[in-house]
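# I would like the atomic coordinates for the input below:
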Amino acid sequence: MFSNKMIAGILIPVVLEQLLNSIMGTADTMMVSNIGSAAISAVSLVDSINILVIQAFSALAAGGAIVCSQYIGQQNKKMANESARQVLFITTAISIAVSVLCLGFKKPLLRLIFGSVEADVMRASETYFFYTAISFPFIAAYDSAASIFRAQENTKGPMLISMISNAMNIVGNAIMIWIFHMGVAGAAVATLISNCVSLIFLIVVY
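Model prediction:
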């Protein structure tokens, strides 16, 4: 049986990690605020899509991690490793398909969801959505790997990486937006790089 201390030690990092993940999009919105209302609207609108997609990836990864955790509980390392590979492969494959679909039908998809918006808002939305859609496979792979780590009671690792990722995103936003003057594209590129580095850290370091 788990004690209250053990449960808190597992749950608190998970809650903090999810909070940090939600802050990334908010940071983008706040840091493009000096560019103009079109940039703020574009980031906010696209983030509403991204949050939905990312939550779907997280749910898929969590479901696969349940199977993995059952084999871990049975001390069946071979099947645990096999199920972990399957979760990572399936989630990544689905995310690549979603990313390709979003990139291929970027304009009609945005117009279908947002309807008639101002031309400058739509242009900024297309730019931000382009780079964030590229990051979907990296986010999905990270969620799958993080869920597998949580199944092994390692919740602090993903939380620490989320902290590093958020710090990188904020610093990257500052550099891309205020130094290189890339606008909405800069915020999206910083987010993309942060997600890529998060996945590399999780796989290599832990």
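# middle-most residue in the chain, spatially?
Residue closest to the mean C-alpha point of the chain, counted by CA atoms, centre = their mean, is residue 139 at 4.0 Å.
# Which parts of the protein are helices?
4-31, 37-73, 77-104, 106-114, 119-134, 136-151, 156-173, 184-205 (DSSP state H).
# for those, which one ends up most surrounded?
helix 136-151 (a mean of 25; mean count of other CB atoms under 10 Å). Using the backbone N, CA and C atoms, a C-beta is placed for each residue, glycine as well.
# on that earlier part again, double-check the residue nearest to the centre of the chain against residue 192; I have them as touching.
No: counting by CB atoms under 8 Å, residue 139 stays clear of residue 192, with 9.8 Å between them.
# if we can go back for a sec, lowest-confidence stretch among the helices of the chain?
Of all the helices of the chain, the minimum mean pLDDT falls on helix 4-31 (a mean of 80).
# Check which helices and strands that helix is in contact with.
helix 37-73, helix 136-151, helix 156-173, helix 184-205 (3 or more CB pairs under 8 Å, 6 or more residues apart in numbering; DSSP states H and E).
# Of all those helices, which one comes closest to residue 31?
Counting by CB to CB, residue 31 lies closest to helix 156-173 out of the helices and strands packed on helix 4-31; the figure is 4.4 Å.
# ok so, going back, quick one, which of the helices and strands packed on helix 4-31 gets closest to residue 121.
helix 37-73 (4.8 Å).
# and residue 118, how far is that from residue 36?
11 Å (CB to CB, to the nearest Å).
# before we move on, what about residue 128?
Remark: distance between residue 128 and residue 36 (CB to CB) = 13 Å.
# How about residue 27?
To residue 36, residue 27 is 18 Å away according to CB to CB.
# now residue 137
Computed as CB to CB, the residue 137 to residue 36 distance reads 31 Å.
# swap in residue 85?
46 Å.
# Repeat that for residue 192.
In this view, residue 192 and residue 36 are 22 Å apart by CB to CB.
# now swap in residue 196 and tell me
Taking CB to CB, one finds residue 196 at 28 Å from residue 36.
# Residue 98 too?
30 Å.
# Look up phi and psi at residue 118.
phi -60, psi 150 (degrees, to the nearest 10).
# Quick check: chain neighbours aside, which residue is closest to it?
In space, and not counting its chain neighbours, residue 118 is closest to residue 38: 6.7 Å by CB to CB, 6 or more residues apart in numbering.
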